[in-house]
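1. Sharing a model that was predicted from the sequence below.
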Amino acid sequence: MSMLILKLLLAPALVVASSLAGRRWGPTLAGTLVALPIVAGPILFITWLEHGREFAARAAGASLLGLVSLALFAVVFALLARTARAGHWAVTLGLAWTVCLAADLALGRLSVPPVVALGLSLAATACGAKALGRARAAEVPKAPAPARWDLPARAAATALLVTALTTAASHLGPDLTGVLAPFPIGTSVVATFALAQGGAAVAEATLRGVLRGLVGFAAFCYLVAVLTGPLDGAAAFGIAVVCTLALQLGVGRLPGTVAARRTARGRRSPPSG
């Protein structure tokens, strides 16, 4: 019963918290926050509790390959959103999911050391960021007002993914479980709402933030992969969380993120005088 409660509450609570923070500071930061391992992290932690160190370490290493698919999803969704007609967000999401899942199934067949997988994930992130380019602060649009059922929908989708994937882990094996762990459920919800309510510009700003966040995500998965064996699992996850947060604080100080945050604050503040 305690494991079921963990599956149903931990990741959804993190998704809701990051969503609320993102609403305050704009779509780019929202994307950065949702790209943190707030879903994959609990999935890997639960697999450690249920299947042991070796399974969790292999799954974490495979999750680095899943980040390649996640970066690909961000680029495909953003590029399709530029040409999507109003109301066609479902087509954009469906095509991006198809590309992401196909990449996951292909990458799930690979078996490479964590350091190689880390290099591949960082290269994919860099290529994705270059493909989308960098928006000037004035181009970062204001996020639309969310629907009332937005947060419950995010929480429910996250709980469903975590429960399904961790339940099926013993049948999927560590490699496919790991590759699927970063599947863009939270990212899909955020990007789809941005596209449907704010248009392609808001969606693209969100996905730029996602690509920024993948640096910390990759660091988390790599540290779990290499530390879970020699250290106690709780210690490995604790170190990975601390290092990831420290890295993301540094990413948050980069010019693009700071400018977007200032723009979001300026839009909320009434003009003086």
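-> Received the coordinates, thanks.
2. If you count neighbours, what's buried in whichever strand or helix holds Leu67?
-> Assigned by DSSP states H and E, Leu67 belongs to helix 53-83. Neighbour-count burial for helix 53-83, counted by 16 or more other Cβ atoms under 10 Å, picks out 53, 55-81. From N, CA and C alone the C-beta is placed, and that goes for glycine too.
3. do the same with stretch 98-117
-> Buried residues in stretch 98-117 (16+ other Cβ under 10 Å): 99-100, 103-104, 107-108, 114, 117.
4. residue ranges with poor pLDDT in the stretch 101-250 of the chain?
-> Applying pLDDT under 70 to the stretch 101-250 of the chain flags the ranges 134-147.
5. mind listing the helices for it?
-> 114-132, 150-180, 185-198, 200-227, 233-252 (DSSP state H, counting those that start in this stretch).
6. Just want the angle from the second one to helix 114-132.
-> Right, helix 150-180. For helix 150-180 against helix 114-132, the angle by axes from the mean of the first three to the mean of the last three Cα atoms, to 10 degrees is 130 degrees.
7. Can you tell me which helices and strands helix 150-180 packs against?
-> Judged by 3 or more Cβ pairs under 8 Å, 6 or more residues apart in numbering; DSSP states H and E, helix 150-180 is in contact with helix 2-25, helix 40-51, helix 53-83, helix 89-107, helix 185-198.
8. If we go by neighbour counts, what in it is buried?
-> Result for helix 150-180 [16+ other Cβ under 10 Å]: buried residues 150-151, 154-155, 157-159, 161-163, 165-166, 169, 172-180.
9. What of the last one?
-> For helix 233-252, burial by neighbour count (16+ other Cβ under 10 Å) applies to 233, 236-237, 240-241, 244, 247-248, 251-252.
10. follow-up on the earlier one: between the buried residues of stretch 98-117, which is nearest Val15?
-> Val15 lies nearest to Cys100 out of these, by Cβ to Cβ, at 18.2 Å.
11. Give me the nearest residue to the closest one, chain neighbours excluded.
-> Nearest-residue entry for Cys100: Phe73, 4.1 Å, with adjacent residues in sequence omitted and distances by Cβ to Cβ, 6 or more residues apart in numbering.
12. dump the residue contacts of that neighbour.
-> The neighbours of Phe73, taking Cβ atoms under 8 Å, 6 or more residues apart in numbering as the test, are 96-97, 99-100, 184, 187-188.
13. Which among the residues you listed count as buried?
-> Using 16+ other Cβ under 10 Å, the buried ones in the contacts of Phe73 are 96-97, 99-100, 184, 187-188.
14. Pick the one among the residues you listed closest to Gly216.
-> Proximity of the buried ones among the contacts of Phe73 to Gly216 was ranked by Cβ to Cβ; the top entry is Thr187 with 14.2 Å.
15. distance of the closest one from Pro174?
-> Distance of Thr187 to Pro174, given as Cβ to Cβ, to the nearest Å: 23 Å.
16. same deal with Phe73?
-> 22 Å.
17. which ones are touching Leu132?
-> Neighbours of Leu132 in contact, by Cβ under 8 Å, 6+ apart: 74-75, 78, 204, 207-208, 211.
18. Please disregard the earlier target; I meant Asp175.
-> 58-59, 62, 108, 111.
19. quick one, phi/psi of the closest residue to Ile43 other than its chain neighbours?
-> Of all residues not flanking Ile43 in the chain, Ala181 sits nearest, at 4.6 Å (Cβ to Cβ, 6+ apart). Its backbone dihedrals place Ala181 at phi -60, psi -40, with angles given as degrees, to the nearest 10.
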